[in-house]
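Colleague: A predicted structure for the sequence below; I have some questions about it.
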Amino acid sequence: MSAQQLDDLWQGRAACRGPNTLIFFPPSHFERKDDREARETKAKSICGSCPVRRDCLDYALRIREPHGIWGGLNETERRVLLDA
Ligand code: SF4
């Protein structure tokens, strides 16, 4: 099984599939700090009960995903892990 097929498997079980997807990424317009924090808190709460959280985080770290909430962490939090 290829790495792409493995990625497709966990993504099919993601808790963020559907209408909530938008809150995982910053909007295209300016976002105030408190709005960003509220959005990220909502997204992270969904990640908290996601059955594929570890796969998601591993994937985001592997491809060095620069945007959004993945595996319960935002881009700054993931960068800290990568730099450790
Ligand atoms: S951990 Fe969060 S971002 Fe990753 S698939 Fe699950 S709900 Fe989506």
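Modeller: In hand now; what should we look at?
Colleague: mind checking pLDDT for the nearest residue to Lys44 once chain neighbours are set aside?
Modeller: Closest residue in space to Lys44, ignoring its immediate chain neighbours: Gly72 at 5.3 Å, by C-beta to C-beta, 6 or more residues apart in numbering. Glycine gets a C-beta too; all of them are placed from N, C-alpha and C. Listed pLDDT for Gly72 reads 98.
Colleague: ok, now which ones touch Gly72?
Modeller: Residues near Gly72 by C-beta atoms under 8 Å, 6 or more residues apart in numbering: Lys44, Cys47, Gly48, Cys50, Arg53, Leu57.
Colleague: can you do 10 Å?
Modeller: Ala43, Lys44, Ser45, Ile46, Cys47, Gly48, Cys50, Arg53, Arg54, Cys56, Leu57, Arg78 (C-beta atoms under 10 Å, 6 or more residues apart in numbering).
Colleague: so which of these comes closest to His67?
Modeller: Arg78 (10.3 Å; C-beta to C-beta).
Colleague: Give me the neighbour count for that closest one.
Modeller: Residues near Arg78, counting by other C-beta atoms under 10 Å, number 21.
Colleague: shift numbering so it begins at 17
Modeller: In the new count, where the first residue is 17, that last one comes out as Arg94.
Colleague: ok, and of the contacts of Gly88, which contact the ligand?
Modeller: Among these, the residues that sit close to the ligand (C-beta under 6 Å from any ligand atom) are Ile62, Cys63, Cys66, Arg69, Cys72.
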